[in-house]
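Visitor: Okay, here's the prediction I keep looking at, along with the sequence it came from:
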Amino acid sequence: MTWIFENWERFWEVTEVHLRLSVVPVLIGFVLAIPLGWWASRSQTARAILFPFANILFTIPSIALIVITPVLLGVKILDEINVIVPLAVYTLALMIRSVADALSAVPGNVVAAANAMGFRPLRRFLTVDFPLALPVTIAGLRVATMSNISMVSVGALVGLGGYGQLFTEGYQTDHTEKVLAGLIGTVVLAVLADGLLLLIGRLLTPWARAGR
Amino acid sequence: MPGYAERVKVFGIYIQGDPIGVVVTTGGIRRVIEFRAVTKRFEDGTIAVDELDLTVEAGTITVFVGPSGCGKTTSLRMVNRMIDPTSGTILVDGKDVLTVDPPTLRRGIGYVIQQAGLFPHRTVLDNIATVPLLSGWDKRKARTRAAELLEIVGLDANFGKRYPAQLSGGQQQRVGVARALAADPPVLLMDEPFSAVDPVVREDLQNELLRLQAELDKTIVFVTHDIDEALKLGERVAVFQTGGHLAQYARPTELLAAPANDFVASFVGRDRGYRTLTFLHADVPVHPVTTAKLGERVTVTDWTLVVDETNRPKGWLSGVDGEVEVAEKDLISGGSLYDGSTLRGALDAALSSPSALGVVVDDVGAVTGVVKADDVIQALAKARAAGEVPK
């Protein structure tokens, strides 16, 4: 702990990078997962293509994806894109299923009622289907965010920032305090992010706790 | 029946824009929904509805009834284009529904679905305001209208802020009805709306619907698989047969008296003679009855009806020797009470009474006499002779 206070500026700097490298991919992956998940919830064919593909993506080791990305995208090995893209891919792979399951779980008679009331498709999606899918979707988002916060550290192996740097440096210089600082930072960040998502979820879905 | 102008006066609000669903006069009879040679064949080849010709008249409750797979729900859903027919035409007030864009058509036709299908994430008030908001009313006007509707369907104003999950099944279905009525559509489609609630609540909802309809005068198409519900609610009942055939389209009394074929006869049920009594209001002679009050000393010779201070029935007394003091513990509980409504009520009162004498009560529940089963049978015979029972 003392290391953190003695090196507050450094610690804050890696925290910022770590946060950026984990949150930006979640946002990108989530936004892309909404239309794909919607498609998978409506079409058997889409499911048959998207789900196995998402599973395969998820099994590629993160270090391999981080190393391949610059080759595929033609960017420098030290560009943050190299962590953002692979992590966005993981989030996407995870969230397609979450979004698809969440949308499929919207009760059939509610959907039928919405159609019978005269909703047009886009409005129905935005004001009925998607809000009702939020509890399950946010649960998926929490898992994706946790997994991203832990995986960002791998980026340090190719020289990128975040708490991973504290791990590699601490390991090389035999500086246990530094490793511990990175660990504490990761856990605190994960807990805070999870709490925040939980709170957002509660604020967005007051109805979900309105049971008898 | 109130016309368009009167409806406006009653509710102050009417569906805007496309005039689909407005009652018009065509040659004396106002027709609202017409099925002309309507057939629906699904992709797998099954025929859900086969050459359906039927006219649902304005301002009536018309019930589509039949076993599952008979095409009743498919027929209903073709009216607001939830399903489109394979061939044939459906006209709502003379206008082919296929020429109207589905969302626009649906906003002009109320729809009540099984288990209410309320939006769980919206408050009761917002649920009711759905169609007005979709039709572009401003939020305040839509809310005001929703609050009015809440009252019309018999729910307290404080339900408005609750979520559907906080309501019982019966309350949810009331909200479902309110939501369907919000934009005051002249046509209401009800798809097995009361099938998921318990029998007591179902009866409440049925009575409520009849009460509402007496005020609102909508054209209602009601789908059910329950023949009792059909006979109770329907002014006209369309019995559908497996394979999508319309077996009979008639008034409930005609259906009971003269089923068109064996299918209808068996579907209407074995006790249709008894059910016919539901539709008869003939006079049954009321006989005097010996009554006694609790605590009185009486000599019991025959069945004696024990009443309270206000002359309401408490039970029967029988089989005691000599002079006794009337005590609560000696009472034999009575059967159903006859309030002078239908012959069915009179017969049931007689059949369910331990003394075989049906207790007749007035508006306030006081005993006025008794009826006998034989008299009911005779009243039925008289009604038949007078042509009140359709042949």
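Guide: Received the coordinates, thanks.
Visitor: what about the closest residue to B:S318 other than its chain neighbours, how many neighbours?
Guide: Excluding the flanking residues, the one nearest B:S318 by CB to CB, 6 or more residues apart in numbering or on different chains is B:W303, at 5.1 Å. The way it works is simple: take the backbone N, C-alpha and C, and place the C-beta from them, glycine included. By other CB atoms under 10 Å in any protein chain shown, the residues close to B:W303 number 18.
Visitor: Also B:H121?
Guide: With other CB under 10 Å as criterion, B:H121 counts 23.
Visitor: Would you agree it is in contact with A:A210?
Guide: No - between B:H121 and A:A210 there is no contact under CB atoms under 8 Å: 9.3 Å.
Visitor: Mutual contacts of those two, please.
Guide: With contacts taken as CB atoms under 8 Å, 6 or more residues apart in numbering or on different chains, B:H121 and A:A210 have B:Y163 as neighbours in common.
Visitor: I'd say A:H18 and A:L160 touch.
Guide: No - in this structure, A:H18 is not within contact of A:L160 by CB under 8 Å, at 10.0 Å.
Visitor: closest point of the stretch 251-391 of chain B to chain A, which residue?
Guide: B:F267 (26.3 Å; CB to the nearest CB).
Visitor: Which helix or strand contains that residue?
Guide: Here B:F267 sits within helix B:262-268, counting by DSSP states H and E.
Visitor: Could you check how many residues crowd around residue 82?
Guide: Picked chain A for this. 26.
Visitor: My question was about chain B, not that one.
Guide: Neighbours around B:M82, by other CB under 10 Å: 19.
Visitor: For B:R41, give its distance to chain A.
Guide: 21 Å (CB to the nearest CB, to the nearest Å).
Visitor: Just give the nearest non-adjacent residue to that residue, would you?
Guide: B:R41 sits nearest to B:T86 (CB to CB, 6+ apart), 4.6 Å away.
Visitor: and that neighbour, what is it in contact with?
Guide: Contacts of B:T86 (CB under 8 Å, 6+ apart): B:T39, B:K40, B:R41.
Visitor: Most neighbours among those residues, which one is it?
Guide: Top of those by neighbour count (other CB under 10 Å): B:K40, with 22 neighbours.
Visitor: I figured that residue was touching B:T46, is that so?
Guide: No - look at B:K40 against B:T46 with CB under 8 Å: they stay out of range, at 9.4 Å.
Visitor: Would you mind listing what in chain A touches chain B?
Guide: A:107, A:109-110, A:112-120, A:123, A:128, A:131-132, A:205-208, A:210-212 (CB under 8 Å from any CB of the partner chain).
Visitor: Could I have the buried ones of those residues as PyMOL selection syntax?
Guide: Per 16 or more other CB atoms under 10 Å in any protein chain shown, the buried members of these correspond to this PyMOL selection:
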select buried, chain A and resi 109+110+112+113+114+115+116+117+118+119+128+131+132+205+207+208+210
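Visitor: Show me which residues of the helix or strand hosting B:G369 are buried.
Guide: Using DSSP H and E, the element containing B:G369 is strand B:367-372. If you call a residue buried by 16+ other CB under 10 Å, then strand B:367-372 has these buried ones: B:V367, B:G369, B:V370, B:V371, B:K372.
Visitor: now stretch B:136-150
Guide: Quick answer for stretch B:136-150 (16+ other CB under 10 Å): B:W137, B:A142, B:R143, B:T144, B:R145, B:A146, B:E148, B:L149, B:L150.
Visitor: got the CA coordinates for stretch A:200-212 in CSV?
Guide: Extracted as CSV, the C-alpha positions of stretch A:200-212 are listed here (Å, rounded to 0.1, in the frame of the first residue of the first chain):
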residue,chain,number,x,y,z
ILE,A,200,-27.2,2.1,-13.4
GLY,A,201,-29.2,-1.1,-13.9
ARG,A,202,-31.3,-0.4,-10.8
LEU,A,203,-32.0,3.2,-11.9
LEU,A,204,-33.0,2.1,-15.4
THR,A,205,-35.3,-0.8,-14.3
PRO,A,206,-37.3,0.3,-11.3
TRP,A,207,-40.0,-2.0,-12.5
ALA,A,208,-37.9,-5.2,-12.2
ARG,A,209,-38.1,-5.1,-8.4
ALA,A,210,-41.8,-4.2,-8.4
GLY,A,211,-42.9,-7.8,-7.7
ARG,A,212,-45.6,-8.5,-5.1
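Visitor: my hunch is that B:I90 is in a strand, does that hold up?
Guide: Yes - according to DSSP: H, G, I helix; E, B strand; the rest coil, B:I90 belongs to a strand.
Visitor: ok, so what distance separates it from chain A?
Guide: 16 Å.
Visitor: Who does that residue form a beta bridge with?
Guide: B:F35 (DSSP bridges).
Visitor: Next, count neighbours for residue 64.
Guide: Answering for chain A, as no chain was given. 10.
Visitor: I was thinking of chain B, sorry if that wasn't clear
Guide: 29.
Visitor: now swap in the one 5 residues further on and tell me
Guide: Counted with other CB under 10 Å, the neighbours of B:G69 add up to 14.
Visitor: what sits against it?
Guide: B:A48, B:T242.
Visitor: Swap in 6 Å and give it another go.
Guide: B:T242 (CB atoms under 6 Å, 6 or more residues apart in numbering or on different chains).
Visitor: For the nearest residue to B:P102 once chain neighbours are set aside, give me its contacts.
Guide: Distance criterion CB to CB, 6+ apart; nearest residue to B:P102, sequence neighbours excluded, is B:R81 at 4.4 Å. Contacts for B:R81 (CB under 6 Å, 6+ apart) come out as B:V97, B:P102, B:L105.
Visitor: go on, A:L21?
Guide: A:V83, A:V152, A:G162.
Visitor: ok, now how distant is the closest residue to the last one other than its chain neighbours from A:A100?
Guide: Going back to what we said before, that points to A:G162. Distance criterion CB to CB, 6+ apart; nearest residue to A:G162, sequence neighbours excluded, is A:H18 at 3.7 Å. Distance of A:H18 to A:A100, computed by CB to CB, to the nearest Å: 30 Å.
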